[in-house]
Each structure stands twice: as C-alpha cells, then as structure tokens.
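K.L.:
Sequence and predicted structure below; questions after.
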Amino acid sequence: MVQFEFPILDLASQDDEQLTGDRVLQATMWPLKYGRSDQLRDKLRTILEFFLGCGAYELQTWQKTIERCVMEVNKSVTLADLAYEIENVWPKTFEPGTIAYKLSEEAREKGHRDGY
C-alpha cells in the first residue's frame, strides 16, 4: 500500500514577507490567506496589484476569483468596495459591456453620490 504525506501550510500564520515567489503565486496565496479575514479590506489593494502584475489580459479572471471565491465567504468587502479599488489600481479604460466597465461605472456613480 502506498502512503502519501500532505504537508499543511497555514497561510494565516505566515508573515506577508514569507509569502514570496512570482506574481501568480503571490496573487494566489494572498486571497487564500485573507479571504476569510477581517483584514481583507485592508489588503485588497495589494491583492489587486498582484493580479495586475500577472498580466492585464487576465484581470477579468482575477476579478471573478475575488467575486466568487473570496466575497462569497467574506462579507466585509462589498462589490462597491471592490469596484472602487479596481478603479484606483487597474487600468482606467475598460471595454464597454464588460464586468470591469460596469463595476467602474458603479464606483464612479457611488463616488459622485458620496461627494468625491
């Protein structure tokens, strides 16, 4: 009988400085580490910057990752929060009709309503 060992890495107990590697690895580990944490809102900008470093052509995929995998289990970040951070971190031009365009428009409207 073959025996397997699976080491477990508790990302929550790791310092951010220990989560090193290429951008894709960091972009994967940070949402895993902060996905259920109250610190997600504070770390969201850094996570989005990691996603941007992975290539602009994948931004919608990364955005869906945040929406479906992280925001479903962590309600501390709203779609408006995500849209605001995307607006400030990611490229300013989105194709009309895309989710990113819709979210950036919603964030812009919310900003106007809030007096920004």
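P.N.:
Okay, I see it.
K.L.:
for stretch 79-96, which positions count as buried?
P.N.:
Neighbour-count burial for stretch 79-96 flags 81-87, 89-90, 94 (criterion: 16 or more other Cβ atoms under 10 Å). Bear in mind the C-beta positions are built from the backbone N, C-alpha and C, glycine included.
K.L.:
Identify the farthest-apart pair in those residues.
P.N.:
Within those, D81 and F94 form the most distant pair, 17.7 Å apart (Cβ to Cβ).
K.L.:
Mind pulling up the pLDDT for Y101?
P.N.:
Y101 is assigned 76 on the pLDDT scale.
K.L.:
Which secondary structure elements does the helix or strand it falls within sit against?
P.N.:
In the assignment (DSSP states H and E), Y101 maps to helix 99-113. Judged by 3 or more Cβ pairs under 8 Å, 6 or more residues apart in numbering; DSSP states H and E, helix 99-113 is in contact with helix 59-65, helix 79-89.
K.L.:
Now do that helix and helix 79-89, the angle between them.
P.N.:
Per axes from the mean of the first three to the mean of the last three Cα atoms, to 10 degrees, the angle that helix 99-113 makes with helix 79-89 is 100 degrees.
K.L.:
Restrict helix 99-113 to CA atoms and write it as PDB.
P.N.:
C-alpha atoms of helix 99-113 as PDB (Å, rounded to 0.1, in the frame of the first residue of the first chain):
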ATOM      1  CA  ILE A  99     -17.900  43.500 -15.800                       C
ATOM      2  CA  ALA A 100     -15.000  45.700 -15.100                       C
ATOM      3  CA  TYR A 101     -16.600  48.500 -17.000                       C
ATOM      4  CA  LYS A 102     -19.900  48.000 -15.200                       C
ATOM      5  CA  LEU A 103     -18.100  48.000 -11.800                       C
ATOM      6  CA  SER A 104     -16.100  51.100 -12.600                       C
ATOM      7  CA  GLU A 105     -19.200  52.900 -13.600                       C
ATOM      8  CA  GLU A 106     -21.000  51.900 -10.400                       C
ATOM      9  CA  ALA A 107     -18.000  53.000  -8.300                       C
ATOM     10  CA  ARG A 108     -17.900  56.300 -10.200                       C
ATOM     11  CA  GLU A 109     -21.600  56.900  -9.600                       C
ATOM     12  CA  LYS A 110     -21.200  56.000  -5.900                       C
ATOM     13  CA  GLY A 111     -18.300  58.400  -5.600                       C
ATOM     14  CA  HIS A 112     -20.400  61.200  -7.100                       C
ATOM     15  CA  ARG A 113     -23.300  60.400  -4.700                       C
END
